[in-house]
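[1] Just a sequence and a predicted model for now, questions to come.
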Amino acid sequence: MAPVYLAAKYHADHSNRERVEQVSSAFEACGIATVCVQRDFERWGETAFPAHELMRIAFEAIADSSAVVIEFTEKGVGLGIEAGYAAARGVPVFVLHQPTADVSVTLQGIATGVFEYSDAGSLAKAIRSIAETLSDGQA
């Protein structure tokens, strides 16, 4: 299976790095690799790309992925761009969010699945559901 593209709100100080790594680890526990622009291409701030190059990298990674997972606890314009691009290409979009998030109706409308999580246990359960959907070919 191709990796899952993981998108999360960008922060220059990488203040959500722990959340990104937690989600990635939960996918790895299900035997699914993830690709994340912040982690894999920018290496948490070691490398910077011009905006047009960054989007080319992201779009290429999305096209090569089995699904796109939007960690939507925090809203971000880039997350909508990534989700919309994936949906337009026919790549399944899944949304993960914590209870405080306000997931828009439009994002819900293009999502294959929307999962709320509040702790490591509910995150693992959500990711198992995503993994089952992908392995069953339901996405």
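    Alright, I've got the coordinates.
[2] From here on, just use CA atoms for contacts and neighbour counts.
    OK.
[3] can you list the weak-confidence ranges in the protein?
    In the predicted model, the chain carries pLDDT under 70 at residues 138-139.
[4] Can you show me the strands along it?
    Here the chain has its strands, by DSSP state E, at 4-8, 34-35, 67-71, 93-97, 113-116.
[5] quick one, which of those is nearest to M55?
    strand 4-8 (12.4 Å; Cα to Cα).
[6] Give me the angle between the closest one and strand 67-71.
    For strand 4-8 against strand 67-71, the angle by axes from the mean of the first three to the mean of the last three Cα atoms, to 10 degrees is 20 degrees.
[7] any chance you could map the helices in this structure?
    Using DSSP state H, the helices found in the chain span residues 17-29, 51-63, 77-89, 105-110, 120-135.
[8] Export the strands of the chain to TSV and append columns for mean neighbour count and distance to V105.
    TSV is the format used below for the strands of the chain (neighbours: other Cα atoms under 10 Å; distance: least, Cα to Cα, whole Å):
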stretch	mean neighbour count	distance to V105
strand 4-8	25	18
strand 34-35	22	26
strand 67-71	26	14
strand 93-97	23	12
strand 113-116	18	11
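[9] closest to L107 out of the ones you listed?
    Comparing the strands of the chain by Cα to Cα, strand 93-97 comes nearest, at 8.2 Å.
[10] ok now the closest one, how far from the chain's centre?
    How far strand 93-97 lies from its chain's middle: 7 Å, per Cα atoms, centre = their mean, to the nearest Å.
[11] Just want the angle from that strand to helix 120-135.
    Here strand 93-97 runs at an angle of 180 degrees relative to helix 120-135 (the same axes, to 10 degrees).
[12] Kindly export strand 93-97 (C-alpha atoms) in PDB.
    This file holds the C-alpha atoms of strand 93-97, laid out as PDB (Å, rounded to 0.1, in the frame of the first residue of the first chain):
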ATOM      1  CA  VAL A  93      -9.700  12.100   2.300                       C
ATOM      2  CA  PHE A  94     -10.000  11.400   6.000                       C
ATOM      3  CA  VAL A  95     -10.300  14.000   8.700                       C
ATOM      4  CA  LEU A  96      -9.000  13.600  12.300                       C
ATOM      5  CA  HIS A  97      -9.800  16.200  14.900                       C
END
